[in-house]
Every structure is written in structure tokens, then in C-alpha cells.
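# just a sequence and a predicted model for now, questions to come.
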Amino acid sequence: MQLLSFKSLLATAAALACAAVSAQEQVVKIGHSGPLSGPNTFAGRDNDNGVRLAIEELNARKISVGGKTLKFELVSEDDQCDAKTGVAVAQKFVDSGVRYVMGPYCSGVTIPASRVYDNGGTLVSTVGTNPKITQSGYKNLFRIVASDVQAGASMAAYAANVLKAKKVGVIDDRTAFGQGLADEFAKEAQKLGMTVAGREFTNDKATDFMAILTTFKAKQPEAIFYGGYAPQAAPMARQMKQLGVRAKLLGGDTLCSPEMGKLGGDAVNDVVYCAYAGMLMDSDAGAKAFQEKFAKRFGQNPDVYSPFYYDQVINIGEAMQKSGSIDPAKVGAYIHQNAHKGVMGEYAYDDKGNRIKAPVVVMTFEGGKAKPLASY
């Protein structure tokens, strides 16, 4: 009996100790909505790692708000870059009390899901680039990269002023991201005096572009702009080489992914040009340090967007500390009013949640790896 009583006392003491610790902690869930399956899995998992690395660092800092130490927890969901799935993920996050969400990755998911998040009082930080995303007036929605307007215009300027293109073709994958980006490129190309020789369409599951490319080969544009993702752009570059299409293949920052070199081989070298919405890793000490830290933690270099996800999670954590609150409304107001210096430059937002002066770098490929050419 005495032994049982002693064990009981130990159990009670342990339970009280745990209760005391939990009373001094405040759990903050950070959701991540992205493609964790399908052709863009590489991007979704990279973004997930960016969020994870930031959460680990914030937890190590032991940030205190209201006398309690914040304990950040990552909750990831696969939205498959599908609008219906993404809306269901958004509702799941809202219903389970997740008030901070990183993503979605795809504009076509972000546009419908953002209404659910806004109704649920959730702060959203997306890399969706379609201009429509921030035109709905949601107060706590932030675009953490350059928009299609910035990226498309930068690529058009490079095509006109550096590549000296007079005639361009335009292809998009009919997604909100791809079509929006292609629209902005075409609009700016015409402003700069270039002729848009044709506008063709595909989809984000396609692998055969021979018919489209044969059409453009006959029109002989100096450049073809593709609004879409790397899993389609890489085989497109291969098929351009097979057909003897001499045009350059241009695109947004999704084409700056290392996946282009992996999937496209030598067909991408000095042919693919992309507008990367960020700073150059090797030319900035802070960005290079992040790259090394990321590689050490995950065994691979970061892809396109993980540095932005990392920056914004750190921004959110510091905003909680400085505002003295974990309320998304107060944290969002603080982020709107105060700039944050991160790996990918300064994060300052306009009243619609667009990032002000987001850096854009035009890159090409050499030896299967992206190489910087010009900054905008």
C-alpha cells in the first residue's frame, strides 16, 4: 500500500509539473497550405521546410507574450494546388483554430480560399502572384513576393531592352497564376513596342507541346513567354530544342526553380530566362547564411520560395513579441505599420497587402543552374 501511495504521489507531482509548464506556455499554430503531392510537390515541401526552420528558431528564442512563452507548432495540409481542396483546407484550419497560415502556393487556390480565411479571422501570407488576390480588400492577407505585374513587366523590359526582341509568342497554362502572369507580360510587351505574334494555351498537367511550338516556329518570334510552372516548362524547353525553335523561353520565378535543370537538362542552358522575385543568395551575406543553414538542416539547398516563407514566419513571431499580442488583427496591424528586414530584403506592405518594392532578378541557366543577369 505504501509503495502504491508513493507511486501515486510521484504521478501527481509529475502531472502538476506538466500543468505548471503548460500554464506558462501559449501554443501558436502556424498552418501551411501547399502542394504536398502532385507535380509541384517539390515546391510545397520546400516551402514547408522554410516554415519549419523559422518555427524552430522562434521556439529557440522563447518569445514571451503576456507572461507566457510562445510555443509555435507547424500544421501542414496538402491543398494539391486545387481550388476545391484548398477551400476545404482553409475551412479545416479555421475550424481547428489555426489563425496564421502560410500559403497557398497557387494563385488559383489563394483566390477562393482567402474569403474563408478572412471570415475566420486568419492572417494569411501567400506567394500567389495574381493581382486579383489583393484586390478583394482583405485586411490580413499579405503577398510576400512580387506580383505578376512586377514580374511580368520586368521580364518584358528585359526581352525588349536586352534581348532586343521585336516579336514574342505567349503561352499560359490556364491557371490563375499562369494566365495572370502571361497577361501582364503581354500587356507590357505591347507597351514597349513588341509584337505579340500569338497567344496559345495548355494546362498544368500537359507534357506534349509539339503542336503549339510548331505553330510558333512558323511565326519565328525571338522569344516565347510561358506563364506556368517548371514541370511543364522543362519539357517545353526540350521540345523546342527537338523542333529547332530558336526562340528564348521566358517565364516567371517558378521557372527559376532547380527543377528546370533537373527536368530540362542542357535544353534550358542560355535558353530559359526567368524573373525571380527575390535577392541573389550568393551576393548577399544574410541570404548566403540562410542558404547554408537551410542546407545543413534539410540536406539540400532552398528552392524559390522557402526563404520568403521563412522570413514571414520570423516577421510574424517578432510582430507578436513587439505588439504584445497573438491576436491576428493586432499582429497584422503591426506588420502593416512596421517594415521587417529579412533574408529576401525588406518586407513592407501597402494597404492592400502587396509587398512594396519587392526585388526582381532576371536569371538564365548555365550548366543546369540558375545564373543572375539583371536586377529590377
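Thanks, I have it.
# which ones are touching the residue most central in space within the chain?
In the chain, the centroid-proximal residue (CA atoms, centre = their mean) is residue 127; its distance is 3.6 Å. Counting by CB atoms under 8 Å, 6 or more residues apart in numbering, residue 127 touches 47, 103, 105, 143-145, 305, 308-309. Every residue, glycine included, has its C-beta placed from N, CA and C.
# apply the buried test to the residues you listed and list what passes.
47, 103, 105, 143-145, 305, 308-309 (16 or more other CB atoms under 10 Å).
# quick check, nearest of these to residue 350?
For the buried ones among the contacts of residue 127, the residue nearest residue 350 by CB to CB is residue 143; the value is 9.8 Å.
# pLDDT score for the closest one?
Residue 143 carries a pLDDT score of 97 in this model.
# surely it meets residue 131?
No. Under the criterion of CB atoms under 8 Å, residue 143 is not in contact with residue 131, lying 9.4 Å apart.
# just checking, which of the buried ones among the contacts of residue 127 belong to strands?
Among these, DSSP state E puts residue 143 in strands.
# name the nearest of the buried ones among the contacts of residue 127 relative to residue 26.
Of all the buried ones among the contacts of residue 127, residue 26 sits closest to residue 309, with 22.4 Å by CB to CB.
# not counting sequence-adjacent ones, nearest residue to the closest one?
Of all residues not flanking residue 309 in the chain, residue 50 sits nearest, at 3.5 Å (CB to CB, 6 or more residues apart in numbering).
# could you do residue 263 as well?
For residue 263, ignoring the flanking residues on the chain, the nearest one in space by CB to CB, 6+ apart is residue 234 at 3.4 Å.
# helix or strand for residue 372, which one?
strand 369-375 (DSSP states H and E).
# now do stretch 363-373: everything it contacts.
Around stretch 363-373, the neighbours that count as contacts under CB under 8 Å, 6+ apart are 158, 162, 256, 258, 260-262, 264-266, 268-276, 280, 283, 361-362.
# 7 Å - rerun?
Identification of contacts with stretch 363-373 by CB atoms under 7 Å, 6 or more residues apart in numbering yields 256, 260-261, 268-270, 272-274, 276, 280, 361-362.
# now those as CSV including distance to residue 170?
As requested, those are arranged in CSV below (distance: CB to CB, whole Å):
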residue, distance to residue 170
256, 19
260, 19
261, 24
268, 19
269, 23
270, 21
272, 16
273, 14
274, 15
276, 20
280, 27
361, 22
362, 17
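# now, those that are in helices?
Those of the contacts of stretch 363-373 mapping onto helices are 260-261, per DSSP state H.
# what's the closest of the contacts of stretch 363-373 to residue 197?
Residue 197 lies nearest to residue 273 out of these, by CB to CB, at 17.7 Å.
# distance of that closest one relative to residue 318?
According to CB to CB, to the nearest Å, residue 273 stands 36 Å off from residue 318.
# same question, residue 293
Here the distance between residue 293 and residue 318 works out to 18 Å (CB to CB).
# who's more crowded, these two?
Neighbours per residue, other CB atoms under 10 Å: of residue 293 and residue 318, the larger number sits with residue 318, 18 against 15.
# poorly predicted segments of the stretch 151-300 of the chain, please.
279-283 (pLDDT under 70).
# helices along that one, start to end?
Secondary structure of the stretch 151-300 of the chain by DSSP state H, counting those that start in this stretch: the helices cover 176-191, 210-219, 230-243, 259-264, 285-298.
# out of the ones you listed, the one nearest residue 75 is which?
Closest approach to residue 75 among the helices of the stretch 151-300 of the chain is made by helix 285-298 (18.9 Å; CB to CB).
# mind checking how far the closest one is from the chain centre?
Remark: helix 285-298 is offset 18 Å from the chain centroid, using CA atoms, centre = their mean, to the nearest Å.
# and if you look at stretch 68-81?
Put simply, stretch 68-81 sits 16 Å off its chain's centre (CA atoms, centre = their mean).
# check which residues of that stretch are buried.
Buried-residue list, stretch 68-81, by 16+ other CB under 10 Å: 70-72, 74-81.
# ok, stretch 314-322 next?
For stretch 314-322, the neighbour count (16+ other CB under 10 Å) marks 314-321 as buried.
# swap in stretch 173-187?
Neighbour counts using 16+ other CB under 10 Å place 173, 175-186 of stretch 173-187 among the buried residues.
# how many other residues sit next to the closest residue to residue 212 other than its chain neighbours?
Nearest non-adjacent residue to residue 212, counting by CB to CB, 6+ apart: residue 200, 4.6 Å away. Residues near residue 200, counting by other CB under 10 Å, number 17.
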